[in-house]
Structures are given as C-alpha cells and as structure tokens.
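Fold the stuff below for me.
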Amino acid sequence: MQQSTTASAEPERLLAAQPTLRVEDIVPACGGTEPISVINGRRWLYCFQPSSGKHCYLDVDNDLITWNRSFHPAFSPELEGTEEELQPLARREKAAAEVELFYF
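Modelled structure (predicted):
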C-alpha cells in the first residue's frame, strides 16, 4: 500500500520540478490580433509571452513552440524547434560600447 502512494507522488514531484508554461501565458502577437498563417501546408501563429517579453512561433497543427528569434517557417525552417543561444553579458556590453564609439 505504501509503494502505490510513493509511485503516484513521483510523477507529480518531477512535474513540479520542471518549469511550467501555461497556455494563458502566450497570446497572439499584435495585441492579440495576429492571424494564423498557412505556410508550406502547416498553420503557424506568431505569439508573445508578456511575462518574459519573448516572441515565438506556435505550430498550431502539432502544438509545438519555437522560441528562436531567427526562425521563420518559410525562410528558415531548419531552426524549427530550436532555442537561440543568448550572448554572454560581457559580449553584449562590448558590442554596445563599440556602437557608441562609432558615432561622434
């Protein structure tokens, strides 16, 4: 009897440890007015997550989200399902400093 309680609690513990993404966290872009686009026979929706400020593409047919900013279903389908690598902070600061030095 004790084993069944422990076994049923295990999946709940694993799910609690993973970050959750609730459906209500993602809304269609353009203030909720972004239409669904059919690209290469699949339906895509460009979405926004207000809590993180990130945009993504939602594959409506397969319920998959791609968080890569370089991804577009028609122009870069090879990036589907990937997440982009963020630059280290020092690298971003150096790039910002170089831009500032460029202008007089």
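
which residues touch Val38?
Trp44 (C-beta atoms under 8 Å, 6 or more residues apart in numbering). Where C-beta positions appear, they are placed from N, C-alpha and C, glycine not excepted.

hang on, it in a strand?
Yes. Membership of Val38 in a strand is supported by DSSP: H, G, I helix; E, B strand; the rest coil.

Run through the bridge partners of it.
Bridge pairing for Val38 (DSSP bridges) gives the partners Arg43.

Quick check: the gap between it and Phe48.
Look at Val38 and Phe48: by C-beta to C-beta, to the nearest Å, they are 20 Å apart.

Run through this structure and note the low-pLDDT ranges.
1-24, 86-104 (pLDDT under 70).

Do a quick rundown of the strands in it.
Counting by DSSP state E, one finds strands in the chain at the ranges 27-28, 37-39, 42-49, 54-59, 64-66.

and Pro28, how far is that from Glu78?
Pro28 is 25 Å from Glu78, by C-beta to C-beta.
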